[in-house]
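A.B. asks: Any chance you could fold what I've pasted below:
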Amino acid sequence: MKIDSNAIRELADLLDETGLTEVEVAEGDKVIRVSKGGATIVAGATAGISADVLMSSDPAAPQQASMDAPANVATSHPGAIKSPMVGTAYLQGEPGAPSFVQKGAHVNAGDTLLIIEAMKVMNPIKAEKAGTVTQILIQNGQPVEFGEVLMVIE
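C.D. replies: Numbers count the residues shown, from 1 in each chain. Coordinates of the predicted model:
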């Protein structure tokens, strides 16, 4: 499959202009998904074959293929904090306020990690156990799905 680097650049610019974290465009059996931190090209969907290639945002940079998404590794982690609902995740209590937690921070059981807004209700997500935040897999204001891994606490 020929990679259209101009299309990827335009989609990356669109992310910056709109403040979105991810955008996806499909044409026939080809899909280009660009998200902050990488782009995914999926080819051969109509043939029943899919191949994911993670690329840096700069298409001129050397590319390394990866078949594993970081969230997939965290899904089976015993300290994975999963979203209990669909909504919008916020890492801070209000705009301009400090984040509830940061990577490397120690948390106690019951500490608020983030808030998920669902149907105009702010739902605090609290730590179930004490530990250190080793991964934050979402960005402030990002839509999240039920069961999506949000953070990992070890």
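A.B. asks: Check which helix or strand E17 maps to.
C.D. replies: For E17, the host element (DSSP states H and E) is helix 5-18.
A.B. asks: Which helix or strand in this protein has the lowest average pLDDT?
C.D. replies: When each helix and strand of the chain is scored by mean pLDDT, DSSP states H and E, strand 51-55 comes last, with a mean of 41.
A.B. asks: buried sites along the helix holding E17?
C.D. replies: Neighbour-count burial for helix 5-18, with 16 or more other Cβ atoms under 10 Å as criterion, is recorded at I8, L11, A12, L15. C-beta coordinates here come from the backbone N, C-alpha and C atoms, glycine included.
A.B. asks: Next one: the third one relative to I32, how far apart?
C.D. replies: According to Cβ to Cβ, to the nearest Å, A12 stands 11 Å off from I32.
A.B. asks: Likewise for I8?
C.D. replies: 7 Å.
A.B. asks: Ok, V25 next?
C.D. replies: Relative to I32, V25 is positioned 5 Å away (Cβ to Cβ).
A.B. asks: Which of the two has more residues huddled nearby?
C.D. replies: A side-by-side neighbour count of V25 and I32, using other Cβ atoms under 10 Å, places I32 first with 19 against 14.
A.B. asks: hey, what's the more buried one bridged with?
C.D. replies: Note on I32: beta-bridge partners by DSSP bridges are V25, I41.
A.B. asks: Dump the buried residues of helix 5-18 into CSV; add distance to P84 and pLDDT as well.
C.D. replies: Converted to CSV, the buried residues of helix 5-18 look like this (distance: Cβ to Cβ, whole Å; pLDDT from 0 to 100):
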residue, distance to P84, pLDDT
I8, 35, 78
L11, 31, 80
A12, 32, 80
L15, 28, 77
